[in-house]
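> From the sequence below, what's the structure:
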Amino acid sequence: MLDVRDLETCYGLSQVLFGVSLRIEAGQVATLLGRNGMGKTTTVRSIMGMTPCKSGSIAFDERPLAGLPSYRIAQAGIGLVPEGRQIFPNLTVRENLVATAANRRNEKNPWTLDRVFDLFSNLRNRANNYGNQLSGGEQQMLAIGRALMTNPRLLILDEATEGLAPLIRLEIYRSVERLKAAGLSILVIDKDVKALIRVADVHYMLEKGRVVWTGSSAELAANEDVQHRYLGV
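Next comes the predicted model:
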């Protein structure tokens, strides 16, 4: 579904990505792992057209994405939950969700307010509250729901549970498991390796803008040296 090959991205004269390649198949959950500053968010920004790549290719359903504006990439079927959530603080929960609603591929069972509220019951109870009245966990649920309302085929979660309480992190990962069971492809960036091993199919480890290791959850769980080398503090 998503095929990224030999991606190189710069900020001005500073090169951040050096030949990053990754693939996500339909219905698959993949992760981008690595310490802070290793290029994970830049990879996401390059995929979404927010930081244009210097070279390499990005294809979604065999359609080239490199060079397209971000809104066209979103319309192609990629939904982004950005780092920092970036919900609209002066809109209600309901308005945040309705603002992005679209079913461009005429899905038979599209995401609606009720489906999002079924996934995150907290949001149903807070439907008329403004974005800036929500807790951090509720804002993250809203950011995920907002992306789902675009009816994406691929969902990208950048720092999926950063700064959230353990119970909220658990609820977020339960929702990821439900979305995976429904057939949605997902790319996750997070630091909760144990949770990611439970839910993901394949992992890509970044070090200084390069993919230095890739493997299955079973391989990552069995390889403590890789975890310590690339994720340890």
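> Point out where the protein drops to low pLDDT.
Residues of the chain meeting the criterion pLDDT under 70: 233.
> Can you show me the strands along this structure?
Listed in chain order, the strands of the chain (DSSP state E) span 2-11, 14-24, 29-33, 55-60, 63-64, 78-81, 154-158, 185-189, 202-207, 210-216.
> Tell me the gap between the second one and the middle of its chain.
On the basis of C-alpha atoms, centre = their mean, to the nearest Å, the separation between the geometric centre of strand 14-24 and that of its chain is 16 Å.
> neighbouring strands for that strand, and are they parallel or not?
The pairing partners recorded for strand 14-24 under DSSP bridges are strand 2-11 (antiparallel).
> Kindly report the same for the shortest one.
Partner strands for strand 63-64, per DSSP bridges, with pairing direction: strand 55-60 (antiparallel).
> The partner strand vs strand 154-158, what angle?
Here strand 55-60 points in a direction 120 degrees away from that of strand 154-158 (axes from the mean of the first three to the mean of the last three C-alpha atoms, to 10 degrees).
> Show me which helix runs longest in this protein.
Ranked by number of residues, the top helix in the chain under DSSP state H is helix 166-181.
> Isn't Leu113 up against Ala99?
No. Counting by C-beta atoms under 8 Å, Leu113 stays clear of Ala99, with 11.8 Å between them. The C-beta positions use only the backbone N, C-alpha and C, and glycine is treated the same way.
> who's more crowded, the two?
Leu113 (17 against 11; other C-beta atoms under 10 Å).
> Next, find the distance separating that one from Ala101.
Counting by C-beta to C-beta, to the nearest Å, the separation of Leu113 from Ala101 is 8 Å.
> mind putting the strands of the chain in JSON lines, mean neighbour count and distance to Glu138 included?
Converted to JSON lines, these look like this (neighbours: other C-beta atoms under 10 Å; distance: least, C-beta to C-beta, whole Å):
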{"stretch": "strand 2-11", "mean neighbour count": "18", "distance to Glu138": "29"}
{"stretch": "strand 14-24", "mean neighbour count": "18", "distance to Glu138": "28"}
{"stretch": "strand 29-33", "mean neighbour count": "24", "distance to Glu138": "23"}
{"stretch": "strand 55-60", "mean neighbour count": "17", "distance to Glu138": "30"}
{"stretch": "strand 63-64", "mean neighbour count": "11", "distance to Glu138": "35"}
{"stretch": "strand 78-81", "mean neighbour count": "24", "distance to Glu138": "14"}
{"stretch": "strand 154-158", "mean neighbour count": "24", "distance to Glu138": "16"}
{"stretch": "strand 185-189", "mean neighbour count": "24", "distance to Glu138": "20"}
{"stretch": "strand 202-207", "mean neighbour count": "21", "distance to Glu138": "29"}
{"stretch": "strand 210-216", "mean neighbour count": "16", "distance to Glu138": "33"}
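> Columns distance to Pro166 on top of the ones you listed, output as CSV?
Output for these, formatted as CSV (distance: least, C-beta to C-beta, whole Å):
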stretch, distance to Pro166
strand 2-11, 31
strand 14-24, 28
strand 29-33, 19
strand 55-60, 34
strand 63-64, 40
strand 78-81, 20
strand 154-158, 18
strand 185-189, 17
strand 202-207, 22
strand 210-216, 26
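> Alpha carbons of stretch 208-222, as CSV, please.
Extracted in CSV, the C-alpha atoms of stretch 208-222 (Å, rounded to 0.1, in the frame of the first residue of the first chain):
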residue,chain,number,x,y,z
LYS,A,208,20.7,9.2,12.4
GLY,A,209,18.3,9.2,9.5
ARG,A,210,18.9,5.7,8.3
VAL,A,211,16.9,2.4,8.7
VAL,A,212,19.4,0.3,10.6
TRP,A,213,17.1,-2.6,11.5
THR,A,214,13.8,-4.1,10.4
GLY,A,215,11.9,-7.2,11.5
SER,A,216,8.8,-8.7,12.9
SER,A,217,7.4,-8.3,16.4
ALA,A,218,8.7,-11.7,17.4
GLU,A,219,12.2,-10.8,16.1
LEU,A,220,12.2,-7.5,18.0
ALA,A,221,11.0,-9.1,21.2
ALA,A,222,13.8,-11.7,21.0
